[in-house]
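Participant: Fold the stuff below for me.
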Amino acid sequence: MDKRSFLKLSAAALASRAFSPLFARASEEPLHNWAGNIVYSTEQLESASTIAEAVALVKSHPKLKVLGTRHSFNRLPDSRDDFVSVRPLDAILALHPESRSVTIGGGATYGHIAPLLDAKGFALHNLASLPDITAAGAASTATHGSGEKNGNLSTAVVALEFIAADGSIVTLSRQSDGGKFPGAVVSLGALGVITQLTLAIEPTYKVRQYVYENLPFAALAANFDAIEASAYSVSLFTDWSRGVNEVWLKCRDDAEKPFAAPPEFFGATRAKRNLHPIAALSSENCTEQMGVPGPWYDRLPHFRIGRTPSAGKELQTEYFVPRKHAVEAILAVQRLTSQVTPHLLITEIRTVAADDFWLSPAYHRDSVTIHFTWKPEWPEVSRLLPVIEKELAPFHPRPHWAKLFAMPPASFLPTYERLDDFRALAKLYDPSGKFRNEFLNTNVFGA
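Facilitator: Just a heads-up that it's a prediction; the model follows:
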């Protein structure tokens, strides 16, 4: 590996990186998450620019939580005591062409590392709709992209390093630590401060993105498997009032069977211009469509690096249901159209392949995710969530850990077969609960 050239690329990318609202904080405002719906319980935030500084912070604080790009919509990362940020640890540390992997710092975002990887001829298997989030945060919460054969972003992790509660540095890998590794990747911040991740990579590739409009629900129900198999990544956007408003198909140029992009797609029509998932908004912040080929990192996300995603001021909810119940679950939500639509910006429906991470919502289940981007109307949304969850209850939904939900832990924790093993792993690395907070105590540890 030519490490010097990587450092030069990293410095250039850092200098040219567009300002992102994910990292903004006006000094006169309280410390809050990106969406603004959560004001954190402390303003004590210290930054570590080296691993040694992070170790010292862990050792000197009896209670501590890591704060990243603040894209959680609930209090999963909250602290009443102190925060630490490792965002300065955002470099590509080593490229391993022989093992098809890359090691990055715990503060690195996909938006930062993806162009650097591409410049060296490599790529990741998938990305979330928003690239300006840290890989460590995405892995820890099982955040995902789409694709029936694509696991969530944590499935790219082959090794990780974190600082345990006593300040010791722990390194675990899939190859050498099979008894602990599956519990440590999707950890919700309960094991320690992640300082490094090693991710699986592959040769770079191009992607073309096509959008179709107005897919009837009847066509979706009758052809769900064929629709999901039609592209490398498929996203279905609906406001529930008139079928599927938009179908986004992300197609790899190296696919064995290229997508032909017909004028009609199961009753939907090919769009004649770039679109935003929320039709009323401008597409200027969205990745290029219309079948124009581009690098994987500028097509797999819905939004361009450094651009404001979605509507900005919003709330988000997401539920994972088994893939085998996809159509039933979608139609169950459709029955709530009159209640849901008035408070909704858009819903996105995606597929995620099963994985083996103990706290992943896709653990041992090929899944369909039903994601709600709400208007910032929490009183109304808070009343709607139990209604939606009741409709989905027959399908044993698992909520996204970092988004809003009303489900009591007793209704979803039993679906996690390795929960007790995870609790034991957390006790091993954090026996006093230094990294726990009210959210984790309520929703994971049952305290």
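Participant: State whether residue 222 is indeed within a strand.
Facilitator: No: counting by DSSP: H, G, I helix; E, B strand; the rest coil, residue 222 is not found in a strand; it is helix.
Participant: what about it, neighbour count?
Facilitator: By the criterion of other Cβ atoms under 10 Å, residue 222 has 14 neighbours. For glycine as for every other residue, the C-beta is placed from the backbone atoms N, C-alpha and C.
Participant: What of the one 4 residues further on?
Facilitator: The burial metric for residue 226, expressed as a neighbour count using other Cβ under 10 Å, is 10.
Participant: what secondary structure does it sit in?
Facilitator: Classification of residue 226 using three-state DSSP returns helix.
Participant: check contacts around it.
Facilitator: Each residue near residue 226 by Cβ atoms under 8 Å, 6 or more residues apart in numbering is listed here: residue 266.
Participant: Could you check how far it is from residue 250?
Facilitator: Remark: distance between residue 226 and residue 250 (Cβ to Cβ, to the nearest Å) = 17 Å.
Participant: likewise residue 338?
Facilitator: Going from residue 338 to residue 250 by Cβ to Cβ gives 32 Å.
Participant: just the helices in the protein please.
Facilitator: 3-16, 51-60, 110-119, 135-141, 181-184, 217-228, 326-334, 337-340, 378-392, 409-412, 419-429, 438-443 (DSSP state H).
Participant: The fourth one: which residues count as buried?
Facilitator: So that's helix 135-141. 135, 136, 137, 138, 139, 140, 141 (16 or more other Cβ atoms under 10 Å).
Participant: hang on, isn't residue 252 packed against residue 209?
Facilitator: No: using Cβ atoms under 8 Å, residue 252 makes no contact with residue 209, being 10.8 Å away.
Participant: Isn't residue 365 up against residue 354?
Facilitator: Yes: Residue 365 is within contact range of residue 354, at 5.4 Å (criterion: Cβ under 8 Å).
Participant: Same drill for these two, tell me which one is more crowded.
Facilitator: Comparing residue 365 with residue 354 by neighbour count (other Cβ under 10 Å), the higher total belongs to residue 365, at 21 against 16.
Participant: circling back: compare residue 338 and residue 250 and say which is more crowded by neighbours.
Facilitator: Neighbour comparison, residue 338 and residue 250: the larger count goes to residue 250, with 26 against 9 (by other Cβ under 10 Å).
Participant: Could you find the closest non-adjacent residue to that one?
Facilitator: Spatially, and ignoring its direct neighbours in sequence, residue 250 is nearest to residue 233 (3.9 Å; Cβ to Cβ, 6 or more residues apart in numbering).
Participant: tell me the contacts of that neighbour?
Facilitator: Contacts of residue 233 were listed using Cβ under 8 Å, 6+ apart, and they are 126, 145, 146, 147, 150, 248, 249, 250, 300, 350.
Participant: residue contacts, the third one?
Facilitator: With contacts defined as Cβ under 8 Å, 6+ apart, the neighbours of residue 146 are 126, 233, 234, 235, 250, 350, 351, 352.
Participant: in the sheet, who's paired with the fourth one?
Facilitator: Using DSSP bridges, the bridge partners assigned to residue 235 are residue 248.
Participant: Would you enumerate the residues in contact with it?
Facilitator: 129, 146, 247, 248, 250, 277, 302, 348, 349, 350.
Participant: separation between it and residue 347?
Facilitator: Taken as Cβ to Cβ, the span from residue 235 to residue 347 is 10 Å.
Participant: For residue 173, give its distance to residue 198.
Facilitator: Separation of residue 173 from residue 198 (Cβ to Cβ): 7 Å.
Participant: So between these two, which is more surrounded?
Facilitator: Neighbours per residue (other Cβ under 10 Å) separate residue 173 from residue 198, with residue 198 holding more: 22 against 16.
Participant: what about the nearest residue to that one once chain neighbours are set aside, neighbour count?
Facilitator: Of all residues not flanking residue 198 in the chain, residue 159 sits nearest, at 3.9 Å (Cβ to Cβ, 6+ apart). Using other Cβ under 10 Å, residue 159 is surrounded by 20 other residues.
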